[in-house]
Every structure is written in C-alpha cells, then in structure tokens.
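J.: show me how the following folds:
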Amino acid sequence: MKLDAALSPARLADVPAIATAAEAAGFDCLWTTETQHDPFLPHTLIAEHTSRIRMGTGIAVSFARSPATLAYTAWDLAAQSNGRFILGLGTQVKAHIERRFGMEWPVSVTGKLREQIQVMRALWHTWQTGEVLNHRGEYYKITLMSPFFNPGPLPPPISDEAQSQMGGQRGAISGEAQPQMGAPKTAVPIYIAGVNTGLAKLAGELCNGFLVHPFHTPDYLREVLHPAIRAGADKTGRQKQLIAISASVFAATNHKEREYCRQQVSFYASTPSYRPVMALHGWEEIAAKLSMLAARGEWQDMPALISDKILSTFVTEAGSPQELALALKERYTGLADRLTLYIPFMPGEKDSWWRDLAAQFAQQ
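T.: Next comes the predicted model:
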C-alpha cells in the first residue's frame, strides 16, 4: 500500500517547494485537484523539480474539456515527467458542468466518459504508431491528424533499473505497470473517480485505476465498489487486479481535525447522488435531512446530524503517525492500493509528522 499526498490549492510559484518537500517526505504520488486552480499546470513544475515521485490529477473535470485537449496535455506531461504522470478524471455533477463551466450535461454519464477515454487512446495510438486516426462515436467524430499536429511517440518506458537509479519505483501498483487491452505500452495511465457503481464498472472495464471519493466507508468499498469494478473487468475479460484502487481518506489526529471531518462528512452526505453510501448503513433519513438543510443554506446546523458513530465509520482516528499508519493499513488492506489523506500536504510545522507517517507506510 502506497501513501500519496494531495497538493493544496496553491499559487504556481509555491508548487516547486511543495513538490520538492513531498518527494523528500517519502510520498509516492502527488495529486492535484480542480477547485480554485487549473489541475494540470502544477504538473509541469512538479515534473521539473522532482525525479521520483509520481504525479496525477485527482481529479480534472472531464466534461469541461474536449478529449483531444486532454490527450495533448496528458501526452506532454507524460513526456516531461518520464512516464510519471497519471491522468485522473472525474465527471463532476450536473450543476457544476452546466453552471460553473457552461457545458452540456450528457444524456449518459458513463457513455460520454467511456467515449472520451476511447478518443484519447485512439489519439495516443496514432501518435505512438503512426496508424490512421478514425474514431466515430455517439459524442465525437475524430478523424483528422495530419503530421503538423502529431506530437509523435513517447520514448520507451523507463526500465526498472534506470528508475531505481533515479530513486523511484516503477510498476509498484499492479494497475500502473500494465498496459490496457488494445492500448500501446506507453499509454498514459487513466484513473476515473466516482461514488456510485456506474463509474466503478467503467473503471473495471477499461481504466488503469479507480479514484475513490473521500465520502466512502470500508463497507461501501468492499460491498459495493469492488464488486462493481469486478463486474466491469469481467465484461471485457480483464483481471480485476490490473485496476489500482486509490482512495482519498478522512483521518483525524486531534479534536480540531475530528470536527473538520464531521463538517465535511455532513456536506458530502447532503449530496443526493451520494445517498447510496448513507443508505448502505441505514442512514438515508439523516442524508435526506442534510439535503434539506443544504438547500436552505443552513450549513452550520449540518454537522450536528453526524453522530460519533457515523463519524467513526467514515474517519480513521489515531494519535501518532505510527498509530495512524497502523490504523489505516488495518482499515484498507485488501481494499486499496493507494491512500491519500483528505488533508492536503503543506511543508512547514508538520514536516517531521509527515515524514514519520510516510516512513511507517514504507515499512512492510
């Protein structure tokens, strides 16, 4: 199990120092989000100022972009980082796509995302092999790729020996080392994020990994998401272990962090499309009340509905880095390949704490 870090919303000028510190602390991957800043721009700096740590978008909003622009950006970042870049995509929800990005919400969420992935892989295959580009689907017709617009192939993947000499590891997670069926070996790994079974099945069907939303429980991951990923893998004859599971997790080491997690759990639980997580545990009525409070803008009243029992189901609590590492491993062994704390990584006062936590994860 690998320990990753989340890049906090930061100015580009601050990214080199954060990336350097994250690599020095021992994290395996640094993920960016699409909240206040573009999720791709930091990766040019992460790639430039590190040599070992992997990097990925966790997530970039796929429905806000053309699959061609995603393909070009990911291809360039893969080249610059010597194959360390992971393209993590999420669909977002209808209100954000329509009102924050001014784009159309598709009739079929999984259908459009599937085709976006197919278009990107078609482009990458053409760039890598020189074969004719010819994708004709429900949402996209992509058939034009003249030499002037073709960036050309990526270099061969770095060997394990060369990667080791650079201080890193290649292929530590099964889903990252293996090419997808029908995709070139140098294809950029694609992870998709989701809460419900539709996107989990799609990940199993044709992706390298699945990004688990922080609003989950181990039971939901075990009883709902894993079977859905397996069903998707079975559909295309893939082995489930080729899909890496990367989970963003709530963790708290003190009262302040605990109450912050309670607030965040109440916020996510108010989202109607996330209700199946609460329903699995018999808390659907509480979720409905939270939705009503959110609709009225009564955010301050929402955390009180999250009892200590609910909180402990979503949040891993421990004191020292050693205790937290042990608790997280006990909670997620067999369920996830990668863990990222919901609290973003920032170098500073907690440097030794982060180093200790990463060191505990590195131990077998």
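
J.: any idea how the protein splits into domains?
T.: 2-106+158-253+318-362, 256-317 (automatic domain parsing).

J.: now the longest one: average pLDDT?
T.: So that's domain 2-106+158-253+318-362. Mean pLDDT, domain 2-106+158-253+318-362: 89.

J.: residue 222 contacts residue 332, correct?
T.: No. Counting by CB atoms under 8 Å, residue 222 does not reach residue 332; the two are 10.1 Å apart. Every residue, glycine included, has its C-beta placed from N, CA and C.

J.: looking at the two, which one has more neighbours?
T.: In terms of neighbours (other CB atoms under 10 Å), residue 332 is the more surrounded of residue 222 and residue 332; the figures are 20 against 12.

J.: which residue, other than its chain neighbours, is closest to that one?
T.: Nearest residue to residue 332, sequence neighbours excluded (CB to CB, 6 or more residues apart in numbering): residue 339, at 6.1 Å.

J.: quick one on the thing from earlier: single out the most deeply packed of the domains of the chain.
T.: domain 2-106+158-253+318-362 (a mean of 19; mean count of other CB atoms under 10 Å).

J.: and that domain, end to end?
T.: Here the two ends of domain 2-106+158-253+318-362 are set 7 Å apart, with distance taken as CA to CA, to the nearest Å.

J.: run the chain-centre distance for it.
T.: 4 Å (CA atoms, centre = their mean, to the nearest Å).

J.: going forward, the N-terminal residue is numbered 26.
T.: Sure, I'll start counting at 26 from here, so that last one is domain 27-131+183-278+343-387.

J.: what would the domains of the chain look like in CSV with distance to residue 144?
T.: Output for the domains of the chain, formatted as CSV (distance: least, CB to CB, whole Å):
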stretch, distance to residue 144
domain 27-131+183-278+343-387, 4
domain 281-342, 25
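
J.: closest to residue 156 out of the ones you listed?
T.: domain 27-131+183-278+343-387 (10.2 Å; CB to CB).

J.: torsion angles phi and psi at residue 236?
T.: Dihedral angles of residue 236 (phi, psi; degrees, to the nearest 10) stand at phi -90, psi 110.

J.: quick one, what contacts it?
T.: Residue 236 sits next to 83-84, 113, 115, 216-219, 271-273 when contact means CB atoms under 8 Å, 6 or more residues apart in numbering.

J.: tell me which of the residues you listed fall in strands.
T.: Those of these mapping onto strands are 113, 115, 216-219, 271-273, per DSSP state E.

J.: would you map the helices across the stretch 176-325 of the chain?
T.: Ranges of helices within the stretch 176-325 of the chain are 185-190, 199-202, 222-231, 243-245, 251-260, 280-294, 300-305, 309-320, based on DSSP state H, counting those that start in this stretch.

J.: any idea how far the longest one is from the chain center?
T.: A distance of 21 Å separates the C-alpha centroid of helix 280-294 from that of its chain, computed with CA atoms, centre = their mean.

J.: could you pull out the helices for the stretch 26-175 of the chain?
T.: Under DSSP H, counting those that start in this stretch, the stretch 26-175 of the chain gives helices at 40-50, 66-74, 92-105, 119-124, 134-154.

J.: with distance to residue 178 added, can I get the ones you listed in TSV?
T.: Output for the helices of the stretch 26-175 of the chain, formatted as TSV (distance: least, CB to CB, whole Å):
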stretch	distance to residue 178
helix 40-50	27
helix 66-74	19
helix 92-105	10
helix 119-124	33
helix 134-154	5
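
J.: which one of those helices lies closest to residue 308?
T.: helix 119-124 (23.5 Å).

J.: helices or strands up against the closest one?
T.: The contact analysis (3 or more CB pairs under 8 Å, 6 or more residues apart in numbering; DSSP states H and E) places helix 119-124 against no helix or strand.

J.: residues in contact with it?
T.: Applying CB under 8 Å, 6+ apart, the set of residues contacting helix 119-124 from outside is 86, 88-89, 116, 128-130.

J.: pull the most distant pair out of the residues you listed.
T.: 86 and 129 (13.5 Å).

J.: rewinding a little: name the nearest of the contacts of helix 119-124 relative to residue 322.
T.: Using CB to CB, residue 130 comes nearest to residue 322 of those, at 23.6 Å.

J.: how close does that closest one sit to residue 256?
T.: From residue 130 across to residue 256, the span is 25 Å (CB to CB, to the nearest Å).

J.: compute the first-to-last residue distance for stretch 126-136.
T.: First-to-last residue span, stretch 126-136, CA to CA: 20 Å.

J.: list the contacts of that stretch.
T.: Taking CB under 8 Å, 6+ apart as the rule, stretch 126-136 contacts 86, 88-89, 116-117, 119, 122-123, 137, 163-164, 223-224, 226-227.

J.: hmm, try it at 7 Å
T.: 86, 88-89, 116, 119, 122-123, 137, 163, 223-224, 227 (CB atoms under 7 Å, 6 or more residues apart in numbering).

J.: now do stretch 74-82
T.: Stretch 74-82 is contacted by residues 41, 44-45, 47-48, 52-57, 64-65, 68, 71-72, 106, 109-113, 191-193, 216 when judged by CB under 7 Å, 6+ apart.

J.: if we use 6 Å, what do you get?
T.: With contact meaning CB atoms under 6 Å, 6 or more residues apart in numbering, stretch 74-82 is reached by 41, 44-45, 48, 54-57, 64, 68, 71, 109-111, 113, 191-193.

J.: quick one, phi/psi of the closest residue in space to residue 233 that isn't next to it in sequence?
T.: Spatially, and ignoring its direct neighbours in sequence, residue 233 is nearest to residue 214 (4.0 Å; CB to CB, 6+ apart). The phi/psi pair for residue 214 (degrees, to the nearest 10) reads phi -60, psi 130.
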